[in-house]
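Colleague: Let me see the structure of the following:
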Amino acid sequence: MSLVFPHTFVPWFRAVAPYIHAYHGKTFVVAMAGELVSAGKLNVFIQDLSILHAMGIKLVLVHGFRPQVNEQLRTKGHTSRFHHGLRITDAVALDCAQEAAGQLRFEIEAAFSQGLPNTPMANATVRVVSGNFLTARPVGIVDGVDFIHSGVVRKVDGTAIRKAIDIGALVLLSPFGFSPTGEAFNLTMEHVATSTAIALQADKLLFLTEVPGIQEDLNDPESPIDTELALADAKRLLARLPIPTQPTDTAFYLSHCVKACEGGVERSHILPFGVDGAILQEVFTHDGIGTMVVDEKLESLREATSDDVGGIVALIEPFERDGTLVKRDRNEIERDIASYTVIEHDGVIFGCAALHVYPESRTAEMAALTISPQVQGQGDGERILKRIEQRARSLGLDSIFVLTTRTMHWFIKRGFQPVDPNWLPEPRKRKYNWDRRSQILVKKV
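Modeller: Below you'll find the predicted structure:
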């Protein structure tokens, strides 16, 4: 029997809860490279998808089969042929692709049918639906090369797929499409997934791949992964990169992520299947694990509304308990909500501060400056401080001040100067807690 440690499990589960609320009922298109299956990761990956399904996320799974088709061709003594990274599908390759797809669909459906006790699949009921959802047309002849039975997506039956996922089924798509005359065409997993995500206007498109994401410095193989790319930045990066020919080329998956976002998909992701639980880490943690492409930065700095009261209370409560912050009544926060600035990421409040104005003294108190421990050290405190200073200047104030017992040095490094409690505006001086002995620091704006 595994041990559960409440001191780690409970805070973790509470931290995950906002994402569960945010994604319930949302639509994810998940694209799985065939290399994932070759690496022996299928069962664990299916277990993670079943967890997403259990949380009310609507799922479409698109599988790739490049290594499986290559293996089938080798078995038959036939050579794999590609041009500009796209398979040339002759009659033998088409037969191999159909055999590989049939075997993979069987393995995937079997994995979703598991229900062993003491595994994530216990009590899981995931019904898999597949069918002729894709209409295709031939690639044709490009640069004098006839791609024969290779095709591209002409149309996705988004209405039929939507009906299936709306009743709780998981839709499984193989990279095959059919023409109105009944011909079968071999498609690419990436094109199918991107076209499907656009047709459904999915909330997320997630590629589980052999690459870890997009590195911040492409010239340094040791540089960290860029966890979030604005669409404009991703397009600029693509313009500098050579046309991809292999899935491991930087532009290969990135180009599909860009196309998806341009087509209305809110977020597209490149994740490494080699990391255990990669899709869970990407969906249920603040920074994720791979690279996410978004039409605009998800992290927004804005003034608070009444809808943010619960998020602010949840953020500051731990700091009130350990004495870092003075305890505030929820009614007080509701009353003063217009004075709060918040940093929100994907519907979750990760930072806040309030500006309480004393117009007769031409100053204001910045109170309850709080940054979630999950994102401390990433500059969010400075961002909130700058916004508070902007608000103070727009109100014609000369300064802002803070009262602190533990973070004095942080404020001094950012231009605040200590003053005597008698400096405080008279109304604030009357509320000053002499037992707490808070330090008062002032900054001109």
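Colleague: Other residues contacting the lengthiest helix in the chain?
Modeller: Of all the segments of type helix in the chain, defined by DSSP state H, the longest one is helix 91-112. Applying C-beta atoms under 8 Å, 6 or more residues apart in numbering, the set of residues contacting helix 91-112 from outside is 34, 37, 42-43, 46, 49-50, 61, 63, 65, 68-69, 71-73, 76, 78, 80-81, 87, 89, 126, 128, 130, 148-149, 170, 172, 174-176, 184, 186. Backbone N, C-alpha and C define where each C-beta goes, glycine included.
Colleague: List the buried residues for it?
Modeller: Buried residues in helix 91-112, counted by 16 or more other C-beta atoms under 10 Å: 93-101, 104-105, 108-109, 111-112.
Colleague: which among the contacts of helix 91-112 end up buried?
Modeller: Looks like these have 34, 37, 42, 46, 49-50, 61, 63, 65, 68-69, 71-73, 87, 89, 126, 128, 130, 148-149, 170, 172, 174-176, 184, 186 buried, using 16+ other C-beta under 10 Å.
Colleague: picking up where we left off before, name the next helix or strand downstream of the longest helix of the chain, please.
Modeller: Sequence-wise, the next helix or strand downstream of helix 91-112 (DSSP states H and E) is strand 128-129.
Colleague: List the neighbouring strands of that following strand plus their orientation.
Modeller: Note on strand 128-129: by DSSP bridges, its sheet partners are strand 170-173 (parallel).
Colleague: counting contacts, what elements does the following helix or strand past the strand it pairs with pack onto?
Modeller: Later in the chain than strand 170-173, the nearest helix or strand by DSSP H and E is strand 176-178. On a contact count with 3 or more C-beta pairs under 8 Å, 6 or more residues apart in numbering; DSSP states H and E, strand 176-178 meets helix 91-112, strand 134-138, strand 151-156, strand 184-186.
Colleague: how far does stretch 198-214 stretch from start to finish?
Modeller: When the termini of stretch 198-214 are compared using C-alpha to C-alpha, to the nearest Å, they are 22 Å apart.
Colleague: do stretch 331-348 as well
Modeller: Start-to-end, stretch 331-348 (C-alpha to C-alpha) is 21 Å.
Colleague: could you give the mean pLDDT of it?
Modeller: Stretch 331-348 shows a mean pLDDT of 90.
Colleague: now do stretch 14-33
Modeller: Here the average pLDDT along stretch 14-33 is 91.
Colleague: Only the buried residues of it, if you could.
Modeller: The neighbour-count check on stretch 14-33 (16+ other C-beta under 10 Å) flags 15, 18-19, 23, 26-33 as buried.
Colleague: Which of those residues sits closest to R302?
Modeller: Using C-beta to C-beta, P18 comes nearest to R302 of the buried residues of stretch 14-33, at 17.2 Å.
Colleague: Against P120, how distant is the closest residue to the closest one other than its chain neighbours?
Modeller: Excluding the flanking residues, the one nearest P18 by C-beta to C-beta, 6 or more residues apart in numbering is V348, at 4.5 Å. Note on V348: its distance to P120, by C-beta to C-beta, to the nearest Å, is 24 Å.
Colleague: and the two? which has more neighbours close in?
Modeller: V348 (19 against 16; other C-beta atoms under 10 Å).
Colleague: my guess is that one meets Y19, correct?
Modeller: Yes - in this structure, V348 is within contact of Y19 by C-beta atoms under 8 Å, at 7.3 Å.
Colleague: tell me the mean pLDDT for the longest helix of the chain?
Modeller: Mean predicted lDDT for helix 91-112 stands at 94.
Colleague: How about stretch 365-375?
Modeller: pLDDT averaged over stretch 365-375 gives 91.
Colleague: May I see the buried residues of that stretch?
Modeller: 365-372, 375.
Colleague: can you pull the alpha-carbon coordinates of stretch 387-398 into CSV?
Modeller: The C-alpha coordinates for stretch 387-398 follow below in CSV (Å, rounded to 0.1, in the frame of the first residue of the first chain):
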residue,chain,number,x,y,z
ARG,A,387,1.2,49.0,-12.0
ILE,A,388,0.5,50.3,-8.5
GLU,A,389,2.9,53.2,-9.1
GLN,A,390,1.2,53.9,-12.4
ARG,A,391,-2.2,54.0,-10.6
ALA,A,392,-0.8,56.3,-8.0
ARG,A,393,0.6,58.7,-10.6
SER,A,394,-2.6,58.8,-12.5
LEU,A,395,-4.4,59.9,-9.3
GLY,A,396,-2.0,62.8,-8.9
LEU,A,397,-0.3,61.3,-5.8
ASP,A,398,3.3,62.1,-4.7
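Colleague: Identify the residues contacting it?
Modeller: Against stretch 387-398 from outside (C-beta under 8 Å, 6+ apart): 301, 341, 353, 355, 357, 359, 362-364, 366, 399-400, 443-445.
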